[in-house]
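Novice: this is a predicted model, with the sequence first.
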Amino acid sequence: MKNSEVAKVFQDIADLLELKGENVFKIRAYQGAARAIEHYPKELKIMIEGGEGLQSIPGVGEAVAKKTVDLVTTGKLGYYENLKTEFPQGIVSLLVIPGIGPKTANKLCSELGVSSVNGLERAINEGRVAELFRLGDKAAHNMLNQIRALRRKDQRIPIGEALPVVEEIMVALSAIPGLRNLTPAGSLRRFRETVGDIDLMGSADNATEVIDTFVALPQMGQVLAHGSTRGSAIVSGGLHVDLRMVEHHSFGSLLQYFTGSKQHNISLRERGRKQGLKLSENGITVVTTDKLERFSVEEEFYHRLGLQYIPPELREARGEVEKAEQGALPKLVELSDIKGDLHTHTQWSDGHDSIEELALAAKDMGYQY
């Protein structure tokens, strides 16, 4: 069994436990194990065959390690199979749809035989969902819109295609007087290989002017939301872009929250809880006094939690919070670290510039070769 397959089983277990209303810490343990195993560089099968302990993997405890050995060596896990028998087949796939909780998903599966998102869509179009819940066509239509929105969100594109779109928007907005901050968040800021929706975070002396300009940009094909502090639109290429504005003194909190990842933020919230703090997009609240502390920059936010600043590229719940507590985060590669280029194309093949032009450009960039 491959690492990705093992991770999928543990994520399914977490979803099923959530349906049962199990202890949240037990659920998070399986979620954490799923993430750790999916991204672990060594194959579990090789580790097991070599007698290497699986508890060396961050996020994998003794119980999960034993289940992993069973799963990898036999291809089955009794605990997982027994858990699945407690629910209608296909119920987990419905939980990804916003607004559908465990009770609704259970009802759809058991009474309509719906076992997939596509099956739910068919049931809605046939009028069976409206009849089941006795809520009429409006409720069923809202459910259908959520399915369509989910599909748009799942259509991820390479970061190389998303960046030019975002940069064009940011250039257009940067000309507005009083704009102090404007930064991408989400998976784009974490430099993931692919991105879904685009989130932009900003602060300005006149937030309404920034939002008005944003939704009026010529590349905006369809405006989805237009408020005083938030705008949302679909650009001509089909990419969904959100812009959120906040007061300057809260910009760091907002940026940290929407940069993610989701699991990274869960780790931070758990750390804050142990310190008597509650974390949100607005800042950090001291529970005993209900005092809200706001942060204009992310560095202050992380320092308030007793952590070294964690760069966006590392925020994937792979042990970075523990490393930051120890002040032991790795140094990321920067442009100044690049000393040369091992592969270039010139006019001798399919390139655009001559060898001399490339050499002069490399010299200007400080390259050594």
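Specialist: Structure's in. What do you need?

Novice: where in the stretch 51-200 of the chain is pLDDT low?
Specialist: 133-135, 152-154 (pLDDT under 70).

Novice: let's go with 80 and repeat that
Specialist: 88-90, 92-93, 95-96, 98-99, 101-103, 133-139, 148-155 (pLDDT under 80).

Novice: how many other residues sit next to Ile338?
Specialist: Per other CB atoms under 10 Å, the neighbour tally for Ile338 reads 12. C-betas here are computed from N, CA, C, even on glycine.

Novice: what's the answer for Tyr257, then?
Specialist: 20.

Novice: now do the helix or strand encompassing it: everything it contacts.
Specialist: Here Tyr257 sits within helix 251-259, counting by DSSP states H and E. If you take CB atoms under 8 Å, 6 or more residues apart in numbering as the criterion, helix 251-259 is touched by 180-181, 183, 185-186, 189-190, 199, 201-203, 244, 246, 265, 279-284, 294-302, 312, 315.

Novice: run through the strands of this protein in chain order.
Specialist: For the chain, the strands defined by DSSP state E cover 157-158, 179-184, 194-195, 198-204, 220-226, 230-235, 240-245, 277-280, 283-286, 291-293.

Novice: return the most buried member of the ones you listed.
Specialist: strand 198-204 (a mean of 24; mean count of other CB atoms under 10 Å).

Novice: neighbouring contacts of that one?
Specialist: Contacts for strand 198-204 (CB under 8 Å, 6+ apart): 162, 165-166, 169-170, 173, 176, 178-186, 188, 210, 239-248, 250-251, 254-255, 258.

Novice: change it to 7 Å
Specialist: The contact list for strand 198-204 (CB atoms under 7 Å, 6 or more residues apart in numbering) reads 162, 166, 176, 178-186, 188, 210, 239-248, 251, 254-255, 258.

Novice: do the same with stretch 88-101
Specialist: 12, 15-16, 19, 105-106, 108-110, 115-117, 120, 143, 146-147, 150.

Novice: how about 8 Å then?
Specialist: Counting by CB under 8 Å, 6+ apart, 12, 15-16, 18-19, 102, 104-106, 108-110, 114-117, 119-120, 142-143, 146-147, 149-150 sit against stretch 88-101.

Novice: do stretch 32-41 as well
Specialist: 3-4, 6-8, 10-11, 14, 44, 57-61, 64, 68, 263, 316-318.

Novice: and it, C-alpha only, in CSV?
Specialist: In CSV, the C-alpha atoms belonging to stretch 32-41 read as follows (Å, rounded to 0.1, in the frame of the first residue of the first chain):
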residue,chain,number,x,y,z
GLY,A,32,-2.8,14.7,11.7
ALA,A,33,-1.6,11.2,10.9
ALA,A,34,-3.2,11.3,7.5
ARG,A,35,-1.4,14.5,6.6
ALA,A,36,2.0,13.4,8.0
ILE,A,37,1.9,10.1,6.2
GLU,A,38,0.8,11.6,2.9
HIS,A,39,3.7,14.0,2.8
TYR,A,40,6.4,11.7,4.4
PRO,A,41,9.3,11.3,2.1
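
Novice: next, the buried residues of that stretch.
Specialist: Residues of stretch 32-41 classed as buried by neighbour count (16 or more other CB atoms under 10 Å): 32-38, 40.

Novice: mean confidence for that stretch?
Specialist: When pLDDT is averaged along stretch 32-41, the result is 87.

Novice: tell me the domain boundaries of this structure?
Specialist: For the chain, automatic domain parsing gives the domain ranges 3-84, 91-154, 157-245, 251-326, 334-369.

Novice: how long is the third one from one end to the other?
Specialist: The separation between the terminal residues of domain 157-245, taken as CA to CA, to the nearest Å, is 25 Å.

Novice: off-centre distance for that domain?
Specialist: The chain centre lies 17 Å from the centre of domain 157-245; the measure is CA atoms, centre = their mean, to the nearest Å.

Novice: equivalent analysis for the fourth one, please.
Specialist: When C-alpha coordinates are averaged (CA atoms, centre = their mean), domain 251-326 and its chain have centres 16 Å apart.

Novice: again, but for the shortest one
Specialist: Taking the mean of its C-alpha atoms, domain 334-369 sits 35 Å from the chain's own mean (CA atoms, centre = their mean).

Novice: that one: which residues count as buried?
Specialist: Leu358.
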